[in-house]
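Enquirer: Here is the input, now give the coordinates:
(one chain, ligands or ions: 1)
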Amino acid sequence: MNKKLMLVTAILTVSLLTACGNTSEQSSASEDTHTSHNQGNAEKSAVSGSGEKKVEDNTVKEDHSSHGAESKKTDVQMNAKVTFQAGTAKANENTELAIQITGKDGTPINKFDENHEKLLHLIIVNHDLSFFNHIHPEFQGDGKFKVTTSFPAGGDYKVFADFIPTGGAGTTLSDWVKVEGHASQHTAVKADTKLVKEIDGKKVELTLSSNKANEEVTLTFNIRDAETNKGIDILEPYLGAVGHVVILSDDAEQYLHVHPMDEKATGPEAKFATSFPHSGTYKIWGQFQQNGKVFTAPFVVDMK
Ligand SMILES: [Cu+2]
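Expert: Residues are numbered from 1 along each chain as shown. Below is the predicted model:
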């Protein structure tokens, strides 16, 4: 009896290891071809975040730490397929994007919980993360969302769909799409020497409490008027919070969506807590709103 149990355990372990092996193989394959992958659902949907925090973050919706999704527990059951309604898309032209979300067996997911005022948050980046777009497609029913958007150049874009299926956990799925047209030059993602950016007349400064991966890091954004250097304390809620932060590893494999520690803050400071899953270079986009206008401050940091 015990022997039998041990054998079963051994088989299970082997199959788990095999599954993991396949996952990394598949995702590196998708990196190589950079085209839209609609097969290999489980593999493709592997988008990870701050690992062990996941379950807690997802059950407590008001939790203020990151809820970057991790594939192993829940996402593996679902798939997001991103297509262009017209079949193809050209750079600098309005194009209708469709996102089809299905369960493991291919049936559409039809119930979503509203999360920060939206059923689906879509983040689109290009190959070198120089382009970032955060949009909210409309639900059409049958697991399908649609949105009209445009791309600044030809080339490959990674699309992250961030949502909560009703009864499930916060999930992030991703897919690559290819846009026709002249591609922009690829610039390596390089850490900023100074974490101060001037955006739309505002000076945004970012301070990290630590530059170590795998530990809690507080990100403090300080927002000042670029001309007067006065702190701006009249930030407006953007999607129900003082700000939103999206973080991607330089290879766009690790996705973190971080919410503020104090959602009701109005500036000049906005604090966020997260943990970076491994050492390396990350791009951070902080999004805030003033006078009805959203501004996005990008930063690149190295984590040890
Ligand atoms: Cu959003």
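Enquirer: End to end on stretch 201-212, go ahead and measure it.
Expert: End-to-end distance of stretch 201-212 (CA to CA, to the nearest Å): 32 Å.
Enquirer: from now on call the first residue 41
Expert: Renumbered: residue one is now 41, and that last one reads stretch 241-252.
Enquirer: Give the buried residues for that stretch.
Expert: Residues of stretch 241-252 classed as buried: 242-246, 248 (neighbour count, 16 or more other CB atoms under 10 Å). For glycine as for every other residue, the C-beta is placed from the backbone atoms N, C-alpha and C.
Enquirer: Check the model's average confidence along that stretch for me.
Expert: Computed over stretch 241-252, the mean pLDDT rounds to 97.
Enquirer: Determine how far it lies from the middle of the whole chain.
Expert: 19 Å (CA atoms, centre = their mean, to the nearest Å).
Enquirer: and Gly195, what are its bridge partners?
Expert: Val219 (DSSP bridges).
Enquirer: residues in contact with it?
Expert: When contacts are counted by CB atoms under 8 Å, 6 or more residues apart in numbering, Gly195 is found next to 166-167, 218-219, 221, 223-224.
Enquirer: Can I get the buried ones among the residues you listed as something I can paste into PyMOL?
Expert: Buried residues among the contacts of Gly195 (16+ other CB under 10 Å), as a PyMOL selection:
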select buried, resi 166+167+218+219+224
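Enquirer: Thr321: which of the contacts of Gly195 is nearest?
Expert: His167 (14.5 Å; CB to CB).
Enquirer: Model confidence score at that closest one, please.
Expert: 93.
Enquirer: Looks like it contacts Phe191 (just checking).
Expert: No - at 11.7 Å, His167 does not count as touching Phe191 under the criterion of CB atoms under 8 Å.
Enquirer: can you list residues touching both of those two?
Expert: Between them, His167 and Phe191 share these contacting residues under CB under 8 Å, 6+ apart: Tyr197.
Enquirer: Adding distance to Val229 and secondary structure, write the buried residues of stretch 241-252 out as CSV.
Expert: Formatted as CSV, the buried residues of stretch 241-252 follow (distance: CB to CB, whole Å; DSSP: H, G, I helix; E, B strand; the rest coil):
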residue, distance to Val229, secondary structure
Lys242, 23, strand
Lys243, 23, strand
Val244, 19, strand
Glu245, 20, strand
Leu246, 16, strand
Leu248, 17, strand
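Enquirer: quick one: contacts for Gly332?
Expert: Glu276.
Enquirer: so where's the stretch 91-240 of the chain shaky on pLDDT?
Expert: 91-116 (pLDDT under 70).
Enquirer: Surely Asp168 and Thr227 touch.
Expert: Yes - Asp168 lies in contact with Thr227 (CB under 8 Å); the separation is 5.2 Å.
Enquirer: out of the two, which sits in the more crowded spot?
Expert: Neighbours were counted for Asp168 and for Thr227 using other CB atoms under 10 Å; Asp168 has more, 16 against 10.
Enquirer: mind checking the SS state of the more buried one?
Expert: Here Asp168 is recorded as coil under DSSP: H, G, I helix; E, B strand; the rest coil.
Enquirer: likewise Ser214?
Expert: Classified using three-state DSSP, Ser214 is strand.
Enquirer: What's the local residue count around it?
Expert: 26.
Enquirer: partners of it in the sheet?
Expert: Judged by DSSP bridges, the bridge partners of Ser214 are Phe200.
Enquirer: Give me the nearest residue to Leu246, chain neighbours excluded.
Expert: Leu235 (4.2 Å; CB to CB, 6 or more residues apart in numbering).
Enquirer: Okay, Asp182 and Thr147: tell me how far apart.
Expert: Look at Asp182 and Thr147: by CB to CB, to the nearest Å, they are 10 Å apart.
Enquirer: Hmm, Asp251 is touching Met343, no?
Expert: Quick fix: residue 251 is Asn, not Asp. Yes - Asn251 is in contact with Met343 according to CB under 8 Å; the separation is 5.6 Å.
Enquirer: Quick check: nearest residue in space to Gln180, chain neighbours excluded?
Expert: Lys186 (5.6 Å).
Enquirer: Name all residues that make contact with that neighbour.
Expert: Here Lys186 is in contact with 125, 136-139, 177-178, 180 (CB under 8 Å, 6+ apart).
Enquirer: Do a quick rundown of the helices in the stretch 191-340 of the chain.
Expert: Read by DSSP state H, counting those that start in this stretch, the stretch 191-340 of the chain holds no helices at all.
Enquirer: May I see the buried residues of stretch 269-282?
Expert: 272, 275, 277-279, 281-282.
Enquirer: which other residues reach it?
Expert: Taking CB under 8 Å, 6+ apart as the rule, stretch 269-282 contacts 156-158, 242-243, 262-265, 283-284, 299-300, 302-310, 327-332, 334.
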